[in-house]
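Colleague: sequence unknown, structure follows:
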């Protein structure tokens with residue numbers, strides 16, 4: 001797949017507090033914040049955003065890391081180039097003060113910026129509220145945004161933070177105790193949270209979803225797919241990216257059906 005020029009999106013700079021970032025938007029209707037996985041806004045992340053826009057919503061992609069539109073796959077960059085690009089992007093993110101990568105019981109500071117973006121997009125796009133989807137490294141950010149009443153449809157696709165094999169890290173999510181308590185209160189009042197993962201994914205382990213079930217109860221809508229349902233053409237050694245790299249974009253495929261569930265969730269919560 002070639003690099004994506006993203007020229008069907010409108011790009012603009014958005015400032016929240018003292019931080020300014022490039023944001024790409026497409027569509028009309030209530031906003032859905034599409035927070036890219038590592039190593040950034042890839043062609044497949046952009047394609048997911050296009051699917052959001054096709055549902056009568058405004059897809060909003062903030063640029064948080066990586067090169068916007070770059071295809072990270074080995075057949076585009078070569079195996080060495082692909083590995084280098086991924087490693088360099090992850091390293092820069094891990095040392096950035098915007099992201100909390102290893103610690104449990106902490107919300108990444110970037111969540112404040114994303115909440116501010118969601119508030120601006122709600123004002124700009126209208127509707128009852130805003131949706132958000134985080135993927136992999138950013139999976140938990142959508143949950144952190146749900147401390148704000150404007151966030152009505154949070155989706156966590158293969159949430160992978162905090163990193164590590166220590167059980168305490170796996171049975172947790174990158175959220176402070178205070179933020180988690182706020183989300184739990186909203187769930188008790190009717191908020192629903194969707195989560196997606198492959199059953200064998202060790203980056204987004206079963207224990208993390210068990211933790212979310214324990215904390216959020218029936219408000220947590222878990223979609224767990226067999227590893228055999230992932231695309232055989234994935235660039236990843238293990239099934240991981242449900243909505244992008246491991247998606248088989250054909251009706252009747254489990255990953256296709258999972259993506260449609262996410263799009264239906266956004267439409268149901270935001271277009272009434």
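Modeller: Right, received. Where do you want to start? From a predicted model like this one, the values you see are computed outputs, not experimental measurements.

Colleague: who touches the closest residue to residue 119 other than its chain neighbours in this structure?
Modeller: Of all residues not flanking residue 119 in the chain, residue 150 sits nearest, at 6.2 Å (C-beta to C-beta, 6 or more residues apart in numbering). C-beta coordinates here come from the backbone N, C-alpha and C atoms, glycine included. Listed by C-beta atoms under 8 Å, 6 or more residues apart in numbering, the contact set of residue 150 reads 118, 119, 122, 129, 130.

Colleague: if we use 10 Å, what do you get?
Modeller: For residue 150, the contact set (C-beta atoms under 10 Å, 6 or more residues apart in numbering) comprises 31, 115, 118, 119, 121, 122, 123, 127, 128, 129, 130.

Colleague: look up how far residue 54 lies from it.
Modeller: Look at residue 150 and residue 54: by C-beta to C-beta, to the nearest Å, they are 23 Å apart.

Colleague: so which of the contacts of residue 150 is the most crowded?
Modeller: residue 130 (31 neighbours; other C-beta atoms under 10 Å).

Colleague: my guess is it contacts residue 33. True?
Modeller: Yes: using C-beta atoms under 10 Å, residue 130 is in contact with residue 33, at 6.6 Å.

Colleague: between those two, which contacts overlap?
Modeller: In contact with both residue 130 and residue 33: 58, 60, 115, 117, 118, 121, 145, 151, 154, using C-beta under 10 Å, 6+ apart.

Colleague: the residue nearest to residue 151 when sequence neighbours are not counted: how many residues sit nearby?
Modeller: The shortest distance from residue 151 to any non-neighbouring residue, by C-beta to C-beta, 6+ apart, is to residue 145 (4.8 Å). With neighbours defined by other C-beta under 10 Å, the count for residue 145 comes to 28.

Colleague: so what does residue 145 look like in phi/psi?
Modeller: According to degrees, to the nearest 10, the main-chain angles of residue 145 amount to phi -70, psi -20.

Colleague: show me the contacts for it.
Modeller: Counting by C-beta under 10 Å, 6+ apart, residue 145 touches 33, 35, 107, 111-112, 114-119, 130-132, 134, 151, 154, 179, 183.

Colleague: okay, it and residue 11: tell me how far apart.
Modeller: 22 Å.

Colleague: brilliant, that's me finished.
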